[in-house]
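**Q** Show me the folded form of this:
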Amino acid sequence: MAKETLGFQAEVKQLLQLMIHSLYSNKEIALRELISNASDACDKLRFEALNHASLYENDGELAIAVSFNKDARTLTIADNGIGMSREEVISNIGTIARSGTKEFFSQLSGDAKKDANLIGQFGVGFYSAFIIADKVTLTTRRAGAPATEAVRWESAADGEFTIEAVEKAGRGTEIVLHLKEGEDELLSDWRLRSIIKKYSDHITLPIRMQKAPGYDKDGNVEISDEIETVNQASALWARPKSEISDEQYNEFYKHVAHDFEDPLAFSHAKVEGRQEYTELLYIPARAPFDLYDRERRHGVKLYVKRVFIMEDSDKLMPQYLRFVRGVIDSADLPLNVSREILQHSKDIEQIKSGCVKKVLGLLESMATSDEQAEKDKYAKFWKEFGRVLKEGVGEDFANKDKIAGLLRFASTHLDTNEEVVSLADYIGRMKEGQDVIYYITADSFAAAQHSPHLEVFRKKGIEVLLLGDRVDEWVVSSLHEFDGKKLQSVAKGELDLSKFEDEEEKKQQEAAASDLKDVVEKVKEVLADKVKDVRITHRLTDSAACIVVDNADMSANLERLLKSAGQDVKGAKPILELNPEHLLVKKLKSEIASARFHDWTELLFDQAQLSEGAQLDDPAAFVKRLNSLMLSMA
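**A** Numbering: from 1, shown residues only. Got it, this is the predicted structure:
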């Protein structure tokens, strides 16, 4: 096939320009990323060859080679891994098929330093080559394909690339970087070795280079043709922890997660017993852009006896811990384990259970630490991953209580939604006689914070948790108590705050209920088709009315969420509560014999619905009724 010139996807063009300018000061990462990709390609071949040994093509020794040519000013990274077909080259290199792409670009600020972190978080892999090269030539052949079906891809990052069919005897991929002016330090044997030792020493495959020049007995330089391994080429997770530095742990994380930032925390342990396995699990410092994508990738790689089996298996980590990265290496599973076998494997379930406990224990140690640095780490974790962790309350019954202890919520006792409180801390500052954890759910933090249901709680100094995340409805539907204290919505059921009221208040409430008995009955008649009941409330101090539902009924917020998701749900009729001290309710009483009583009643009901974030069935009628009443009082 003749050479063909194609254009990059628009997002690739934008990413290349951003990366070249924003990441230039971190140019060593280009070599790290390309070596990591080469390692992944070899791992994929090893996995596919479990069922198709012929893919090895009589060459079962997987390795990565790094070389340079001073005269040509080129740096080459080659592997004998899985390789790529023509279609795979175009798909993997010409486009970014990744969810979150638009959000990623929308968050870029133009500040090179800030954007560098975002670019690293998004993951750039192959494209990092253009940080140090003004032209890149990639030659690849997929394992099992004929030598004549190799592909050569080339680009100068100018918006286009060429692709053509070539011959390549061996499988795998070779990338030649034509270095930019000023990058001659990468044409140094010593410099390349130091970068490989720093960033890629943990790669389990040998990374090979030509043996460094030496000197003979007369002091003359000797150039050797011997090839030697530069890195340790052993599984980092299999080494004793005492032999691994924090820097090595961090670099290994960047390899498995393709991240540019250090992890927030990690757990490394060898488990022995009925199941023997090693886990090295990391908690990232930032959430990936595709964290909420239904087709998202999972981040834990499975090895068996240090042989890579598969990556991103959802059987190794539950959905609510999908942000975890790392490796699990089993000594007991068969090498030919498949996704189908994993589906029903009790051994995998045991490994998964043990790793979940490790991750939750790691989070708990940060959350409950007396050290401010650890507390700050957990605060950062919660900001990035808190909403995802909340999903675990409903997903993981066995660990529900432990997860509940890790949850954080906004509260009426805190100034902003950036400040949060744990359930344990909430219980620790309950008022004397309080035996319930009060909360309110809403569409947002602001809606929860300004809900009329909070008025009496503020008056009496009782703390209420403000739940403004969509997932919070899922949380409270599964978490009914914590540490023996029941969770109670302030917008459900009849409110009983009698423990915090004196005899005078109780007498006033009884008198108000008696005084408005006729009004309540007539409001029931007017709203008979719209409400389940009408009653006097003592939960309001400033608002005229509010709506609540019975304890067993679906909350108004949950009903709205389900409808917005396209589900056909019909919630129970609400209960309208009237504030007997409010001037509008007193006005309603004075109009009990008037023809306008109906309009006043409808107006109060519509206002109560709006304050809950509901949409009115007939907004035009509400406006007309409001205007009419205002004009009548002018």
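**Q** domains of this structure?
**A** As recorded under automatic domain parsing, the domains making up the chain are 4-232, 237-367, 408-490, 499-632.
**Q** got the end-to-end distance for stretch 475-489?
**A** From its first residue to its last, stretch 475-489 covers 12 Å (Cα to Cα, to the nearest Å).
**Q** list the buried ones in that stretch?
**A** Of all the residues in stretch 475-489, those buried under the rule 16 or more other Cβ atoms under 10 Å are V475, V476, S478, L479, F482, L487, Q488, S489. (C-beta placed from N, C-alpha, C; glycine too.)
**Q** related to what we said a few turns ago, for A398, which of the domains of the chain is the nearest?
**A** Among the domains of the chain, domain 237-367 comes nearest to A398, with 7.6 Å by Cβ to Cβ.
**Q** Could you work out the end-to-end span of the closest one for me?
**A** 26 Å.
**Q** Check the average confidence over that domain, would you?
**A** Average pLDDT, domain 237-367: 86.
**Q** Number of residues surrounding Q319?
**A** For Q319, the count of nearby residues is 13 (other Cβ atoms under 10 Å).
**Q** That one reaches G394, doesn't it?
**A** No - Q319 lies out of contact with G394 (Cβ atoms under 8 Å); the separation is 10.5 Å.
**Q** Of all residues in this protein, which one is nearest the centre?
**A** Nearest to the mean C-alpha position of the chain, by Cα atoms, centre = their mean, lies L291 at 3.6 Å.
**Q** any idea how far it is from T412?
**A** Distance, L291 to T412, by Cβ to Cβ, to the nearest Å: 29 Å.
**Q** do the same with N69
**A** N69 sits 68 Å away from T412, going by Cβ to Cβ.
**Q** K486: which element?
**A** Here K486, judged by DSSP states H and E, is contained in strand 485-489.
**Q** Can you give the strand pairings for that strand, parallel or anti for each?
**A** strand 436-441 (parallel), strand 481-482 (antiparallel) (DSSP bridges).
**Q** Figure out which of these is closest to Y303.
**A** strand 481-482 (38.1 Å).
**Q** Identify each of the strands in the stretch 151-300 of the chain and give its residue range.
**A** Under the criterion DSSP state E, counting those that start in this stretch, strands of the stretch 151-300 of the chain are mapped to 160-166, 172-179, 207-210, 214-215, 221-222, 227-229, 265-271, 277-283, 299-304.
**Q** In TSV, list those along with mean neighbour count and distance to S330.
**A** TSV is the format used below for those (neighbours: other Cβ atoms under 10 Å; distance: least, Cβ to Cβ, whole Å):
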stretch	mean neighbour count	distance to S330
strand 160-166	16	40
strand 172-179	23	28
strand 207-210	20	26
strand 214-215	10	43
strand 221-222	8	46
strand 227-229	13	27
strand 265-271	17	10
strand 277-283	24	4
strand 299-304	23	5
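**Q** if you compare the strands paired with strand 485-489, which one is most tucked away?
**A** Among the strands paired with strand 485-489, ranked by average contacts under mean count of other Cβ atoms under 10 Å, first place goes to strand 436-441 (a mean of 22).
**Q** contact partners of it?
**A** Under the criterion Cβ atoms under 8 Å, 6 or more residues apart in numbering, residues 409, 423, 426-427, 448, 451, 453-454, 457, 462-468, 472-473, 476, 481-482, 485-491, 555, 557-558 lie in contact with strand 436-441.
**Q** so is D134 in a helix, a strand, or just coil?
**A** strand (DSSP: H, G, I helix; E, B strand; the rest coil).
**Q** show me the contacts for it.
**A** Residues in contact with D134 (Cβ under 8 Å, 6+ apart) are A156, A157, H178, L179, K180.
**Q** Let me see the contact set for the last one.
**A** Think K180. Contacts of K180 (Cβ under 8 Å, 6+ apart): I132, A133, D134.
**Q** now, which of the residues you listed sits nearest L603?
**A** I132 (69.2 Å).
**Q** Could you verify my assumption that that closest one touches H178?
**A** No - using Cβ under 8 Å, I132 makes no contact with H178, being 9.7 Å away.
**Q** Off-centre distance for the strand holding K486?
**A** 28 Å (Cα atoms, centre = their mean, to the nearest Å).
**Q** other SSEs contacting the following helix or strand past it?
**A** Tracing the chain C-terminally past strand 485-489 and defining elements by DSSP H and E, one meets helix 503-515 next. Applying 3 or more Cβ pairs under 8 Å, 6 or more residues apart in numbering; DSSP states H and E, one finds that helix 503-515 contacts strand 533-536.
**Q** What strands line up against the strand it packs on, and which way round?
**A** Strand 533-536 sits in its sheet next to strand 575-578 (parallel), going by DSSP bridges.
**Q** what is the rounded mean pLDDT of the strand it pairs with?
**A** Computed over strand 575-578, the average pLDDT equals 92.
**Q** what's in contact with it?
**A** Residues outside strand 575-578 that contact it (Cβ under 8 Å, 6+ apart) are 516, 519-520, 523, 527, 531-537, 539-540, 544-550, 585, 588, 604-605, 608.
**Q** Out of those residues, which sit inside strands?
**A** Among these, the residues falling in strands (DSSP state E) are D533, V534, R535, I536, A545, C546, I547, V548.
**Q** buried subset of the residues you listed?
**A** V534, I536, A545, C546, I547, V548.
**Q** Need the max-distance pair from those.
**A** Farthest pair in these, by Cβ to Cβ: I536 and I547, 14.1 Å.
**Q** re the thing from before, so which of the strands paired with strand 485-489 comes closest to L363?
**A** Closest to L363 of these, according to Cβ to Cβ: strand 481-482, at 16.8 Å.
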